[in-house]
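Colleague: Pasting the sequence and the predicted coordinates here, then a few questions.
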Amino acid sequence: MSDLFWLTDEQMERLRPFFPKSHGKPRVDDRRLLSGIIFVNRNGMRWRDAPREYGPHKTLWKRWGAMGIFMRMMDGLSAAKTGPQTIMIDATYLKAHRTASSLRLKKRDPGRLTGRTKGGINTRLHAVTDQNGRPLSFFMTAGQISDYTGAAALLDNLPAAHWMRGDCRHDADWFRDALEEKGIKPCIPGRKSRGKPVKYDKRKYKRRNRIETMFGKLKDWRRIATRYDRCPNVFFSAICLAATVIFWL
């Protein structure tokens, strides 16, 4: 029992405003449900192998993730903080297990957001963080999709900021222009293929390692580092839940 994970009273109070309404149905123990979902995702086990203290494994697996609750938790808790002066953007690969890409797609299925790269079958996670490396927003694509696609998708929801740090994979004139229109100064080194070197603040750029640290902490959760879920929405919800627990609680 002592080895199991349980959310504290303080953490539950911070999460309670985002809980779904019961609509007259008797609720299960919210602490038990959430703690069980966190335990399974952090330790990388199958849902059916969840400790019995967390209740029936089908209850753990089916609830909340598909309703977008975990995405709202991360958005709500991160928005409550003071607006950042600097934001950062980057992307990482998440290895997809064969169970995440097996079986044929059903009709009208938009896809599982998995793609083949040099490293095998992967999913690509694009992220924007504050200056401390705490995630503000995510966008998920298949593994072979470029960083430009993720940057374009995240662009509309960028918070007000003075600076944007990114690596040379985000060096594009259209992206720099879009940031300038939002009043954000890009701190992005130029690609080697550029004929004219791009000036950027090298001291500010050195602190970009915090977003890499954020990805590393997310991958400490074994069901994030390796994707087992076929449904991209379920996997994306698990990422948002991990980010909330690690950085915003």
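Modeller: Thanks, I have it. Residues are numbered from 1 along each chain as shown.
Colleague: Would you mind listing the buried residues in the longest helix along the chain?
Modeller: As assigned by DSSP state H, the longest helix anywhere in the chain is helix 30-43. Neighbour-count burial for helix 30-43 flags 32-42 (criterion: 16 or more other Cβ atoms under 10 Å). Bear in mind the C-beta positions are built from the backbone N, C-alpha and C, glycine included.
Colleague: Show me the strands in the chain, by range?
Modeller: Counting by DSSP state E, one finds strands in the chain at the ranges 86-96, 115-117, 120-130, 135-142, 163-165, 185-187, 226-227.
Colleague: okay if I get these as a markdown table plus distance to F19?
Modeller: Formatted as a markdown table, the strands of the chain follow (distance: least, Cβ to Cβ, whole Å):
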| stretch | distance to F19 |
| --- | --- |
| strand 86-96 | 28 |
| strand 115-117 | 35 |
| strand 120-130 | 25 |
| strand 135-142 | 21 |
| strand 163-165 | 34 |
| strand 185-187 | 39 |
| strand 226-227 | 26 |
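Colleague: Let me have the ones you listed in a markdown table, adding distance to P197 and mean neighbour count as columns.
Modeller: Listed next are the strands of the chain as a markdown table, based on distance: least, Cβ to Cβ, whole Å; neighbours: other Cβ atoms under 10 Å:
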| stretch | distance to P197 | mean neighbour count |
| --- | --- | --- |
| strand 86-96 | 21 | 22 |
| strand 115-117 | 30 | 14 |
| strand 120-130 | 26 | 23 |
| strand 135-142 | 30 | 22 |
| strand 163-165 | 18 | 22 |
| strand 185-187 | 14 | 19 |
| strand 226-227 | 39 | 21 |
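Colleague: As TSV, those with distance to D156 and mean pLDDT would be great.
Modeller: Below are the strands of the chain laid out as TSV (distance: least, Cβ to Cβ, whole Å; pLDDT from 0 to 100):
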stretch	distance to D156	mean pLDDT
strand 86-96	13	95
strand 115-117	24	85
strand 120-130	11	94
strand 135-142	10	95
strand 163-165	14	95
strand 185-187	17	95
strand 226-227	26	94
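Colleague: how about those, which one is nearest R194?
Modeller: Set against R194 and scored by Cβ to Cβ, those come closest in strand 185-187, at 13.7 Å.
Colleague: Give me the packing partners of the worst-scoring helix or strand of the chain on mean pLDDT, helices and strands only.
Modeller: Every helix and strand in the chain was compared by mean pLDDT, DSSP states H and E; the lowest is helix 57-62, with a mean of 74. Under the contact criterion of 3 or more Cβ pairs under 8 Å, 6 or more residues apart in numbering; DSSP states H and E, helix 57-62 touches helix 30-43.
Colleague: contact partners of the helix it packs on?
Modeller: 4-7, 12, 15-16, 19, 46-47, 50-51, 53-55, 59-60, 63-65, 220-224, 238, 241-242, 245 (Cβ atoms under 8 Å, 6 or more residues apart in numbering).
Colleague: what about that helix, distance to the chain center?
Modeller: 17 Å (Cα atoms, centre = their mean, to the nearest Å).
Colleague: Then stretch 83-101?
Modeller: The chain centre lies 6 Å from the centre of stretch 83-101; the measure is Cα atoms, centre = their mean.
Colleague: before we move on, the earlier item: can you tell me which of the strands of the chain is nearest to F215?
Modeller: When those are compared for distance to F215 using Cβ to Cβ, the nearest one is strand 86-96, at 4.5 Å.
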